[in-house]
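>>> I would like to see how this sequence folds:
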Amino acid sequence: MDAIAGEDGWLRCPWALSALEYRDYHDLEWGQPVTTSQGLYERLTLEAFQSGLSWITILRKRDNFRAAFAGFDPDVVASFDGGDVERLMSDAGIVRNRTKIDAAINNAKVVAGLGPGFADLVLSFAVADRPRPSSLAEVPASTAESINLAKTLKSLGVRFVGPTTAYALMQAVGLVDDHLTECFVQIDRRGLPGS
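The predicted structure follows:
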């Protein structure tokens, strides 16, 4: 499917037109570079929570996730204990899945342990030379880079990240630019490795 004009006349990736939350996320955030460990931890956590669900569910609960997970500060989340897990399990404002909650806390410990090195590691998987797709049919669910990113993260102890989640993370934080060629959104990837 090719880019489609929205009510405002701007051509967008078609998935961005079904809800206002999607449009705002698409226009303002999706694919824009994220270069801090905290920002990357947030996106990794949200992508993991999205697994098996619609992304709109996560977008609509995002502020609740931020409140529940201390603004996604990995140093704070790394200190969460059993009481925090129970608090999160009773929080109707987020997705209450113990496996995903446990993974988010575990992953915070990994990120906190690596400090700024976590961002350096994730950003090293930037794909600089791939052209933007012309239709959704050209957008893969995973790539060799996302497979390698998932393997690398798992080797460090990160949980609940496979090649598809890793690729969604790469899309979300600008490591690849999967906005369709006719989409009006332009990504400034200067500063990312290989750009």
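>>> so what's residue 11 closest to, chain neighbours aside?
residue 3 (4.1 Å; C-beta to C-beta, 6 or more residues apart in numbering). Placement of C-beta: from N, CA and C, glycine included.
>>> my guess is residue 45 is in a helix, correct?
Yes. Per DSSP: H, G, I helix; E, B strand; the rest coil, residue 45 lies within a helix segment.
>>> does it touch residue 69 like I think?
Yes. Under the criterion of C-beta atoms under 8 Å, residue 45 makes contact with residue 69 at 6.8 Å.
>>> now list whatever residues contact both of the two.
residue 104 (C-beta atoms under 8 Å, 6 or more residues apart in numbering).
>>> for burial, what's the neighbour tally of the nearest residue to residue 64 once chain neighbours are set aside?
Counting by C-beta to C-beta, 6+ apart, residue 93 is the residue found nearest to residue 64 once chain neighbours are left out, at 3.2 Å. Using other C-beta atoms under 10 Å, residue 93 is surrounded by 13 other residues.
>>> for the one 5 residues further on, same thing?
Residues lying near residue 98 (other C-beta under 10 Å) number 11.
>>> again, but for the one 4 residues further on
Counted by other C-beta under 10 Å, the residues lying close to residue 102 total 15.
>>> got the buried residues for the longest helix that the chain contains?
Secondary structure of the chain per DSSP state H: the longest helix is helix 98-114. Buried residues in helix 98-114, defined by neighbour count with 16 or more other C-beta atoms under 10 Å: 100-101, 103-112, 114.
>>> summarise which helices and strands the helix or strand following that helix is packed against.
Per DSSP states H and E, the first helix or strand lying C-terminal to helix 98-114 is helix 116-123. On a contact count with 3 or more C-beta pairs under 8 Å, 6 or more residues apart in numbering; DSSP states H and E, helix 116-123 meets helix 37-50, helix 98-114.
>>> who wins for proximity to residue 166 among those helices?
When these are compared by C-beta to C-beta, helix 37-50 sits nearest residue 166, at 8.3 Å.
>>> list of residues touching stretch 123-133?
With C-beta under 8 Å, 6+ apart, stretch 123-133 has contacts from 35, 139, 143, 145-146, 148-149, 152, 170, 174-181, 183, 189, 192-195.
>>> then stretch 105-122?
Here stretch 105-122 makes contact (C-beta under 8 Å, 6+ apart) with 35-37, 40-41, 44-45, 48, 74-78, 80, 84-85, 149, 152, 156-160, 169, 173, 175.
>>> among these, which lie within helices?
Per DSSP H, the contacts of stretch 105-122 map to helices at 37, 40-41, 44-45, 48, 74-77, 84-85, 149, 152, 169.
>>> which one of those residues sits closest to residue 134?
Nearest member of the ones in helices among the contacts of stretch 105-122 to residue 134, counting by C-beta to C-beta, is residue 169, at 23.3 Å.
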